[in-house]
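Novice: sharing a model prediction with you, sequence too.
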Amino acid sequence: MRTVTTTKKGLPAFWESGGGMTSGGSVTLVTGLKGEPLRPVYVPRGGHLACGQHALLPLFTGAHLVFATLTRGVRSACRVERVQKVHVQDVDGERYEAVAVTEIIAHYEQGEWVVPLPPEFQEAVNAAFKKAGTYHCRNAVWIDPSAPPVKASYDGLSDAQREAQREKLRQMKKERLAAEAAAKLHESRSNKPLFAARLEALGDVIKLNEDHFVMLRSGDDPRQYQYNAENVSRAEYEIEQRNRRAREAAALELARATHTPAFLAFESRATALGMILEFQDHAVILRKSSPSLASFAQAEHYKFEASEVLRLATNLKNFEAALLAAQKEAENEAYYQALAAEAKAQKLPAHISIWCRRGGRTNAGDGWVIDQNGQTREPTSWNWPRPRYKDEGDKIWAQILPGELVLKWSKDCSSAPHVFEVVYQPPQISEAQRERVAALLKELEADWAEAKGLSTGRSSSAVGDGWQL
């Protein structure tokens, strides 16, 4: 016995379905009395069709069902069943349940027909196996739209008798639903005294009637509810949520009125930074007025709270400091470029590269470029042979500027002598430069005071006069 589908009018039917997957497939076909294709009741044109349901065909006494399975390209199983009887039950005049009693007339497994296949079904079986091997099949293969329609008959009843039966069931359902509604209404009236106090406590948004209560909704039609525990709890929850939202809105309005003046006081500072303060319902947004501004000026949200006002003040201070630093850097770069152009015109040294290694006792070295004020200028770039070690490599100065003193120092190992070299000396050395040179000599003397050679045991030599400046 098989559960079968029914049409909207309650006629029994069965789906042609299936198709092939990666390693095999299975298919169901519906045929007529002699294996011929039937005219479909319905053919879907959309939705999920791959290996799905492709045609709904009428089912009647004498129709046949073909089930075929293909495994890795080989026919593995097939069964042909004849429909002996179809039974349709009208549940309530609107829904139907149907079953079909079938018998096996042909059975194939393990490479042979255990129950021989009648010749008239050979073509339908071949079509079933072909469909089972069609990857993600999306179409019906055993239907004939030009065939005469088949009118299914079942239970020995005429159409008029079945319609009378359905009408009787519909009337029974209507009476049953009416009785259930009346019982619920009576229960609601009886429950009113139990829930009246809870509902009245919710305020004038609740109106109590004899058999139901009404909950008023802003902007929507009022809703009616019967008196029961579930509906009353739902009303209490919804009213509480409304009150919560109202309290939050009032608190937000108060916070906005309280803190907006404090935020407005920063508007001129934001404008000076090329930024704008944007006031929205729930927050103040500090955003860039132009995409070309520096990355520190990204959009930020501030709630209407005192702590957020302080955070805005701190951030603006940081932004101002960053802007000032950027301006200072730009000025320094412009000043450097002017001096570099002057130095180039004077043909001062360029592309000076000095080895630097201060973290070990072998292959040590360093270099300095000192301006007239005694300040050491950082290299333009570095060349790191071992990128992991950022404290050793070649310091590179693209251009030596007017008045700068360039010094170099190296030492092969602890027992080796200090080697001092003046790479470039300006026409006149300032007193500040001399003081800076003296400080460098003291630094080197302190660094190597306790150093001794590993193999010789000799102490490091003294720094002495160093560059003799």
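Specialist: Yep, that arrived.
Novice: can you pull out the helices in the stretch 251-400 of the chain?
Specialist: 267-272, 306-345 (DSSP state H, counting those that start in this stretch).
Novice: counting contacts, what elements does the first one pack onto?
Specialist: In terms of contact count using 3 or more Cβ pairs under 8 Å, 6 or more residues apart in numbering; DSSP states H and E, helix 267-272 is assigned the packing partners strand 275-279, helix 306-345. Where C-beta positions appear, they are placed from N, C-alpha and C, glycine not excepted.
Novice: for Thr7, find the nearest of the helices of the stretch 251-400 of the chain.
Specialist: Of all these, helix 306-345 sits nearest to Thr7, with 65.7 Å by Cβ to Cβ.
Novice: any regions of the protein where pLDDT drops low?
Specialist: Flagging of the chain using pLDDT under 70 yields the residue ranges 93, 151-157, 219-220, 290-298.
Novice: and if we set it to 50?
Specialist: Residue ranges of the chain with pLDDT under 50: none are present.
Novice: domain ranges for it?
Specialist: 2-132, 158-259, 267-323, 350-447 (automatic domain parsing).
Novice: so which of these gets nearest Ala330?
Specialist: Closest among the domains of the chain, once you apply Cβ to Cβ, is domain 267-323, at 10.5 Å.
Novice: what about the closest one, how long is it end to end?
Specialist: Terminal residues of domain 267-323 lie 17 Å apart, using Cα to Cα, to the nearest Å.
Novice: same deal with stretch 411-423?
Specialist: For stretch 411-423, the end-to-end distance is 16 Å (Cα to Cα).
Novice: let me see the residues that make contact with that stretch.
Specialist: 349, 352, 354, 361-365, 367, 405-410, 444, 448, 451-454, 456, 458-461, 463-464, 466-469 (Cβ atoms under 8 Å, 6 or more residues apart in numbering).
Novice: just to revisit the earlier point, adding distance to Leu33 and mean neighbour count, write the helices and strands packed on helix 267-272 out as TSV.
Specialist: Shown next, in TSV, are these (distance: least, Cβ to Cβ, whole Å; neighbours: other Cβ atoms under 10 Å):
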stretch	distance to Leu33	mean neighbour count
strand 275-279	79	17
helix 306-345	83	13
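Novice: okay if I get the ones you listed as TSV plus distance to Arg244?
Specialist: Formatted as TSV, the helices and strands packed on helix 267-272 follow (distance: least, Cβ to Cβ, whole Å):
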stretch	distance to Arg244
strand 275-279	25
helix 306-345	22
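Novice: assign a three-state SS to Asp221, would you?
Specialist: Under DSSP: H, G, I helix; E, B strand; the rest coil, the three-state class of Asp221 is coil.
Novice: actually, Ala98.
Specialist: Strictly by three-state DSSP, Ala98 counts as strand.
Novice: how near is it to Asp92?
Specialist: Distance, Ala98 to Asp92, by Cβ to Cβ, to the nearest Å: 15 Å.
Novice: re earlier: looking at the helices and strands packed on helix 267-272, which is closest to His107?
Specialist: strand 275-279 (77.7 Å).
Novice: pick the most deeply packed of the domains of the chain.
Specialist: domain 2-132 (a mean of 17; mean count of other Cβ atoms under 10 Å).
Novice: end to end, how far does that domain reach?
Specialist: Note: domain 2-132 ends 22 Å apart using Cα to Cα.
Novice: ok now it, how far from the chain's centre?
Specialist: Relative to its chain's centre, domain 2-132 lies at 44 Å (Cα atoms, centre = their mean, to the nearest Å).
Novice: for the domains of the chain, which one sits closest to Glu329?
Specialist: Comparison of the domains of the chain against Glu329 by Cβ to Cβ identifies domain 267-323 as nearest, at 10.3 Å.
Novice: wait, a strand at Lys174?
Specialist: No. Assigned with three-state DSSP, Lys174 falls outside any strand and is helix.
Novice: which residues touch the closest residue to Tyr424 other than its chain neighbours?
Specialist: In this structure, Tyr424 finds its nearest non-sequential neighbour in Val406, 4.1 Å apart by Cβ to Cβ, 6 or more residues apart in numbering. By Cβ under 8 Å, 6+ apart, the contact set of Val406 is 349, 352, 367-370, 397, 400, 422-425.
Novice: these in strands, which ones?
Specialist: If you go by DSSP state E, the contacts of Val406 have 352, 367-370, 397, 422-424 in strands.
Novice: redo the domains of the chain as JSON lines? Include distance to Ala334.
Specialist: Compiled in JSON lines, the domains of the chain are given as follows (distance: least, Cβ to Cβ, whole Å):
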{"stretch": "domain 2-132", "distance to Ala334": "68"}
{"stretch": "domain 158-259", "distance to Ala334": "42"}
{"stretch": "domain 267-323", "distance to Ala334": "16"}
{"stretch": "domain 350-447", "distance to Ala334": "14"}
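Novice: Pro148: which of these is closest?
Specialist: Using Cβ to Cβ, the nearest of those to Pro148 is domain 2-132, at 6.8 Å.
Novice: circling back: could you save the ones in strands among the contacts of Val406 as a markdown table and add columns showing distance to His64?
Specialist: Formatted as a markdown table, the ones in strands among the contacts of Val406 follow (distance: Cβ to Cβ, whole Å):
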| residue | distance to His64 |
| --- | --- |
| Ile352 | 97 |
| Gly367 | 98 |
| Trp368 | 101 |
| Val369 | 99 |
| Ile370 | 104 |
| Trp397 | 95 |
| Val422 | 109 |
| Val423 | 103 |
| Tyr424 | 105 |
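Novice: which of those residues lies closest to Ala13?
Specialist: Distance to Ala13, by Cβ to Cβ, is smallest for Trp397 among those, at 90.5 Å.
Novice: just to revisit the earlier point, and which of the ones in strands among the contacts of Val406 is nearest Trp382?
Specialist: Once Cβ to Cβ is applied, the member of these that ends up nearest Trp382 is Trp397, at 10.9 Å.
Novice: which residues does the residue lying closest to that closest one once chain neighbours are set aside contact?
Specialist: Among residues not flanking Trp397 along the chain, Ile352 sits closest, at 4.5 Å (Cβ to Cβ, 6+ apart). For Ile352, the contacting residues are 367, 369, 396-397, 400, 406, 423-424, by Cβ under 8 Å, 6+ apart.
Novice: of all these, which two lie farthest apart?
Specialist: Most distant of those, by Cβ to Cβ, are Ile396 and Tyr424, 14.5 Å apart.
Novice: and Lys168, which of the three is it?
Specialist: helix.
Novice: how far away is it from Ala196?
Specialist: 43 Å.
Novice: Arg95 too?
Specialist: For Arg95, the distance to Ala196 - Cβ to Cβ - is 40 Å.
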